[in-house]
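[1] Need coordinates for the below:
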Amino acid sequence: MKKILIVSTVSRQFYLFEQGNIEVLNSLGYEVHTAANFSDANERLDVLNIKRHHFDIERNPFTLKNIKAYKQLKGLMKSENFDAVHCHSPMGGVLARLAAESIGISPVIYTAHGFHFYKGAPIINWLLYYPIEKVLSRYTDVLITINKEDYKSAQRFKAKNVIYIPGIGIESNRYSNIFVDKKNKLKELGITSDAYVILSVGELNENKNHEVIIKALSNIRYKNFIYLICGQGDRADYLMNLANSLGISNKVKLLGFRNDVIDLYKVADIFAFPSYREGLSVSLMEAMSAGLPVVCSSVRGNTDLIQDGQGGFLNKPTDIEGFGNSLDKLINNTEMRILMGEKNLQEIEKYDSNVVKEKMKMVYENKRIM
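    Reported below is the predicted structural model:
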């Protein structure tokens, strides 16, 4: 039996983003091994048909601990005699490609889930990450990008093959067979049935930029709305203090981590996604699959999914007035919300998990790693 090693920085990568790839590899007869820092491991890993290998990799590119991690990973590769390596995350991609090159493993596949250098990125990102990716591309048989901006950037590199694959895929028809009693769900959440529900899903961090929506909502004409934010993070107090200072604390609900996100998509009227940086967002694709119109930032990945004025509205991440106008238009135009939601239902079919799995199967087979 052939063996492949999937490498990442943290183990949650495997159950959040790699289940489709693991399924494809299993179908091709592979024994799938995974290597990561498993300090974040939980029971969700137990359902995956994988072998686990812990090594002490850290996200921080400047820590000396990654020297030890490199040696651990190289030792693992030597002892297990893998037939191929598929690596993810910036540091996972660095250490895995260096280790595989040093002992002669080929092919090496690297999926870039969003380069740290991008249009509008800080100059330090370009100075640090661009040269590293360019050099390491020489040790890459297949470089997979998940959005069109990264695909264009990767054309300058020396990888043997550069391929665009639309993210990790999503079950595009998943929501069509799910019924949610909207009235009861809203009652459970303490929301009146006549309120317009605006939903965001994402960590409470600076990148997700939830504050721009709070600021925008404080300025719109129509006040019968509720803004729900699903996610955890260190900015909860900041966001609620901001809402309080703007006089809309009763309009903003921080829901934390939720197991019923699908239900929330189904009862929402609008999806808001104002991030500064994305690769290709699963949350945004889920909202599209639920038939929601979208107000989002005009950044890489988002612009792959949403065309301005069709599936929703695009605004610069800092454009408070622009977000406010977009939300105002959607709240006050039922027909527009319906048409944009229908457009998103059509568009998301291109990103269906079966489409992505078939493309990944071709990658694995064409590289003769079976």
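
[2] Now do the contacts for residue 274.
    By CB atoms under 8 Å, 6 or more residues apart in numbering, the residues touching residue 274 are 200, 208, 209, 210, 212, 213, 295, 296, 297, 315, 317, 323. Glycine gets a C-beta too; all of them are placed from N, C-alpha and C.

[3] And for residue 333?
    Counted by CB under 8 Å, 6+ apart, residue 333 has zero contacts.

[4] let's see 10 Å
    293, 339, 340 (CB atoms under 10 Å, 6 or more residues apart in numbering).

[5] same question, residue 326
    Going by CB under 10 Å, 6+ apart, residue 326 touches 216, 220, 270, 272, 293-296, 308-309, 312-315, 319.

[6] Mind checking which of those residues land in helices?
    residue 216 (DSSP state H).

[7] Quickly find the element holding the nearest residue to residue 319 once chain neighbours are set aside.
    Spatial nearest neighbour of residue 319, excluding adjacent residues (CB to CB, 6 or more residues apart in numbering): residue 212 at 7.7 Å. Using DSSP states H and E, the secondary-structure element containing residue 212 is helix 210-217.

[8] which residues in this structure form strands?
    Applying DSSP state E to the chain gives strands spanning 3-10, 31-37, 51-54, 84-88, 108-112, 142-145, 161-164, 196-201, 225-230, 252-256, 270-273, 294-297, 312-315.

[9] what pLDDT, on average, does the third one get?
    Over the span of strand 51-54, the pLDDT mean works out to 97.

[10] do the same with the fifth one
    Per-residue confidence for strand 108-112 averages out to 97 on the pLDDT scale.

[11] now the angle between strand 3-10 and that strand, please.
    For strand 108-112 against strand 3-10, the angle by axes from the mean of the first three to the mean of the last three CA atoms, to 10 degrees is 30 degrees.

[12] How about the fourth one?
    Interaxial angle, strand 84-88 versus strand 3-10 (the same axes, to 10 degrees): 20 degrees.

[13] Relative to the whole chain's centre, how far out is strand 84-88?
    The chain centroid and the centroid of strand 84-88 are separated by 19 Å under CA atoms, centre = their mean, to the nearest Å.

[14] Show me what it pairs with in its sheet, parallel or antiparallel.
    Strand 84-88 has the following sheet partners, assigned by DSSP bridges: strand 3-10 (parallel), strand 108-112 (parallel).

[15] Can you tell me which of those is most buried?
    Highest mean neighbour count of the strands paired with strand 84-88: strand 108-112, a mean of 27 (counted as mean count of other CB atoms under 10 Å).

[16] which residues does the residue nearest to residue 225 when sequence neighbours are not counted contact?
    Distances taken as CB to CB, 6+ apart put residue 196 closest to residue 225, at 4.5 Å, once the chain neighbours are dropped. Listed by CB under 10 Å, 6+ apart, the contact set of residue 196 reads 222-227, 268-270, 327, 330-332, 337.

[17] Show me how this protein divides into domains.
    Domain ranges of the chain: 3-169+352-366, 182-350, per automatic domain parsing.

[18] do you know which of those lies nearest residue 176?
    Residue 176 lies closest, by CB to CB, to one member of those: domain 182-350, at 8.6 Å.

[19] wouldn't residue 191 be in contact with residue 267 here?
    Yes: using CB atoms under 10 Å, residue 191 is in contact with residue 267, at 8.4 Å.

[20] coming back round to it: distance of the residue nearest to residue 225 from residue 345?
    Separation of residue 196 from residue 345 (CB to CB, to the nearest Å) stands at 20 Å.

[21] Check residue 337 too.
    Applying CB to CB, the value for residue 337 to residue 345 is 13 Å.

[22] Residue 17 too?
    If you go by CB to CB, the gap between residue 17 and residue 345 works out to 23 Å.

[23] swap in residue 56?
    Distance, residue 56 to residue 345, by CB to CB: 45 Å.

[24] neighbour count winner among these two?
    residue 345 (19 against 16; other CB atoms under 10 Å).

[25] wouldn't the more buried one be in contact with residue 289 here?
    Yes: contact criterion CB under 10 Å: residue 345 and residue 289 qualify, at 7.3 Å.

[26] Give me the common contacts of these two.
    In contact with both residue 345 and residue 289: 172, 173, 175, 176, using CB under 10 Å, 6+ apart.

[27] which residues are common contacts for residue 191 and residue 267?
    With CB under 10 Å, 6+ apart, residue 191 and residue 267 have common neighbours 182, 185, 197, 228.

[28] how close does the residue nearest to the spatial centre of the chain get to residue 197?
    The centroid of the chain falls nearest to residue 281 when counting by CA atoms, centre = their mean (3.8 Å). Applying CB to CB, the value for residue 281 to residue 197 is 20 Å.

[29] And residue 307, how far from residue 248?
    Applying CB to CB to residue 307 and residue 248 gives a distance of 30 Å.

[30] between the two, which one's more packed in?
    Legend: neighbour count by other CB under 10 Å for residue 307 and residue 248, higher for residue 248 (20 against 12).

[31] so what's in contact with residue 337 and residue 345 at the same time?
    291, 292.
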